[in-house]
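Student: quick one, structure for this:
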Amino acid sequence: MAVVALKVPATGSRPDANYASRCVDTISYHPDRTMAYSHEAQPYATLAEALQNCTASWLKNLATPLADKRLPTRKAELITFIEQQLEGDKLATVWQRLDEIQQAAVAEAVHTNEPVFQSDRFAAKYGTSPNWGEKSRGWGGLVKSSLLGVFFVNGAMPEDLRRRLKTFVPAPKQIALSTVDELPQTETLNLRSWQSSLLGSDSLTLQVPITCRETERAAIRDLQATLQLIDAGKLAVSDKTRLPGKAAITAMSALLQEGDFYNDADLPASRDAVGPMRAFAWPLLVQAGALAALSGKNLALTRAGRKAMGDPPEKILRTLWNKWLKVTWFDELSRIDCIKGQTGKGKRGLTAVKGRREAVEAALRDCQVQRWVAIDDFFRYMVASGIDFEVTRNPWALYISSADYGNLGYQGYHDWHILQARYALCLLFEYAATLGIIDVGYIPPYGARYDYNELWGTDDLEFLSRYDGLLYLRLTPLGAYCLGLTDSYQPSLPETQAQLRVLPNLDVVAAGEPLTPADELLLNSFASRKSDAVWHLDRDHVLAALEEGRDIKTLQEFLQASSSESLPDTVTQFLSDAEQRACQLQNRGAARLIECADAALAAQIANDSRTKRYCLLAGERHLAVFTDSETRFRSAVRKLGYILPK
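Tutor: Numbering: from 1, shown residues only. Alright, predicted model coming up:
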């Protein structure tokens, strides 16, 4: 079957930021102004039924392109005339008079289960809309119908007409997701600098370098670093929102492989801060995957989290992605800071995040592994393929700057690129890329997408979202594994391992490649640091780490994996001795110390069948009663004829 690719410029260039919105603008256009949007049109069983629901004036408009003589004026006669022009073989003759795009519009309706014309999908697939006729100025609708109008009466193709057309109209071409071989080096931005004078605006063209970030290895290392940071008790999140604060973001940022996507410290003071992405995402992802849970003010590893430290990282990353798809306590839309009204009434109108994420994932599944896709082409493919989603059922509750003038029910709601695209950008850039599912090509967000500049209240915004700079994505082999497209994963790049020398005197010396922040964090937890490259294993540090619940096997496996030689016997014995010492004492819970009048009474209570199960003899005249058994101990003691005063 023939395949048609979405129309894109030559390799090395990208459509301007407004192209996607122009393709989808026709969603609010319909050939018959009695219908506000195409999805409101109602299909009819027969052409006669559809024509009966038209006014005489509109029937005359439909009949005009079919006529080569004077038209009748009465409604019944007009209906008869139109039906006669579409009888038998005449229908094929009329269809052949349509231009290529109009014929494509007919084919799309004939060979799908949607007789209503889908203007948004059509424009996204073909890059244009069919000619419906002559439009009046402003919002007046059509004043003169084209020949296409007779095939879509009141916006829908009658069922009997569809059956007849299907006998000779060829199936429409399939849509394919366009890809590029190489990531362009730069992106051309056409910026406008508004002046206070009456001269209007000046244009400024910039060539902005595109940053390419390959994410597979970073995701694997960042996962281990995050688990190590949590294991060290140094990652705090809010007990109400589960979100990391400034201190947690700082701690995470220091551990990330190659740093976060943007570094606000490098920006001029006049620029708006972009903010964290990967450092923000990891604390949420590990909570969503049940690898960590709040304990006090900090996150602590769960049993699954401790197990994950020794499991293959690709399996953990796949689990995190699948768990993230189902998370309900966090909405990526909240990360689009300038869109207000997302709480209260506005929150009640938001759609379920699970459905939104699944839509984006479905489009990712159609991407070719290791092939770059322009983000605007990705969005057009979603719309053209019907992989669509809504963000809110009540756009009037969402607004920019002002709830009165800037609400999205009045402006921007039907522009897919404002809500759906921004949501998808966040999910892709902040979460899919963080997990190594996609590689990304991006620029700073300033002026990267000027598709929002006509919205009220956006004059002072340098970007609508911090994710606006995402220009390209590429599905990775790890991503294919996480999405279930492949059954196994083989790292595309070899993992390099820092070399350690573990000496008999219990010194650990870093040699070769520098340690990663996660590896340093692990050594700092178990050993005292003597210099930049030397650590010493001492009992106090090791026992302190074990007391906090850390597993000494993690240290032993790390030392063995990082050393080219077997661990010295002294080190093996030291670690084994520490592990044994950690098991000698067990915390059995809190207890109350009871003093008896004499040793005989203490012995009697400690050995009586009614009380001995609830207490232990502690010395000659003292009893230890576990706190959770105190009530039962008091009852048993009363049966012996004694009481324990409160």
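
Student: can you classify the residue most central in space within the chain as helix, strand or coil?
Tutor: The residue lying closest to the centre of the chain (Cα atoms, centre = their mean) is Leu427, at 2.0 Å. Using DSSP: H, G, I helix; E, B strand; the rest coil, the structure places Leu427 in helix.

Student: contacting residues for it?
Tutor: Leu427 sits next to Glu332, Arg356, Arg357, Val360 when contact means Cβ atoms under 8 Å, 6 or more residues apart in numbering. C-beta here means a position set from N, CA and C on the backbone, and glycine is covered the same way.

Student: need the residues you listed in JSON lines (columns: pLDDT, secondary structure and neighbour count).
Tutor: Formatted as JSON lines, those follow (pLDDT from 0 to 100; DSSP: H, G, I helix; E, B strand; the rest coil; neighbours: other Cβ atoms under 10 Å):
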{"residue": "Glu332", "pLDDT": "97", "secondary structure": "helix", "neighbour count": "25"}
{"residue": "Arg356", "pLDDT": "97", "secondary structure": "helix", "neighbour count": "22"}
{"residue": "Arg357", "pLDDT": "97", "secondary structure": "helix", "neighbour count": "22"}
{"residue": "Val360", "pLDDT": "97", "secondary structure": "helix", "neighbour count": "24"}
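
Student: can these go into a markdown table with extra columns for distance to Asp415?
Tutor: Listed next are the contacts of Leu427 as a markdown table, based on distance: Cβ to Cβ, whole Å:
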| residue | distance to Asp415 |
| --- | --- |
| Glu332 | 19 |
| Arg356 | 17 |
| Arg357 | 21 |
| Val360 | 18 |
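
Student: the stretch 451-600 of the chain: strands as residue ranges?
Tutor: Listed in chain order, the strands of the stretch 451-600 of the chain (DSSP state E, counting those that start in this stretch) span 470-475, 499-502, 507-511, 528-531, 534-536, 591-595.

Student: rebuild those as TSV, extending it with distance to Leu555 and mean neighbour count.
Tutor: Listed next are these as TSV, based on distance: least, Cβ to Cβ, whole Å; neighbours: other Cβ atoms under 10 Å:
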stretch	distance to Leu555	mean neighbour count
strand 470-475	36	24
strand 499-502	11	19
strand 507-511	10	17
strand 528-531	14	12
strand 534-536	11	18
strand 591-595	33	14
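
Student: how about CSV for the ones you listed, with mean pLDDT and distance to Lys144 added?
Tutor: Listed next are those as CSV, based on pLDDT from 0 to 100; distance: least, Cβ to Cβ, whole Å:
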stretch, mean pLDDT, distance to Lys144
strand 470-475, 97, 41
strand 499-502, 86, 79
strand 507-511, 87, 79
strand 528-531, 87, 82
strand 534-536, 90, 83
strand 591-595, 93, 92
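
Student: Lys548 contacts Gly233, doesn't it?
Tutor: That one is not Lys; residue 548 is Glu. Yes: applying Cβ atoms under 8 Å as the test, Glu548 and Gly233 come out as touching, 6.6 Å apart.

Student: more neighbours: which of the two?
Tutor: Higher neighbour count among Glu548 and Gly233: Gly233, with 18 against 12, using other Cβ atoms under 10 Å.

Student: wait, what's in contact with the closest residue to that one other than its chain neighbours?
Tutor: With sequence-adjacent residues excluded and distances taken as Cβ to Cβ, 6 or more residues apart in numbering, Gly233 is closest to Asn298, at 5.1 Å. Counting by Cβ under 8 Å, 6+ apart, Asn298 makes contact with Ile230, Gly233, Lys234, Leu235, Ala236, Val237.

Student: do the same with Leu585
Tutor: The contact partners of Leu585, by Cβ under 8 Å, 6+ apart, come to none.

Student: how about the one 3 residues further on?
Tutor: Listed by Cβ under 8 Å, 6+ apart, the contact partners of Arg588 are Phe626.

Student: picking up where we left off before, reformat the strands of the stretch 451-600 of the chain as TSV; add distance to Ser635.
Tutor: As requested, these are arranged in TSV below (distance: least, Cβ to Cβ, whole Å):
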stretch	distance to Ser635
strand 470-475	66
strand 499-502	58
strand 507-511	57
strand 528-531	52
strand 534-536	55
strand 591-595	15
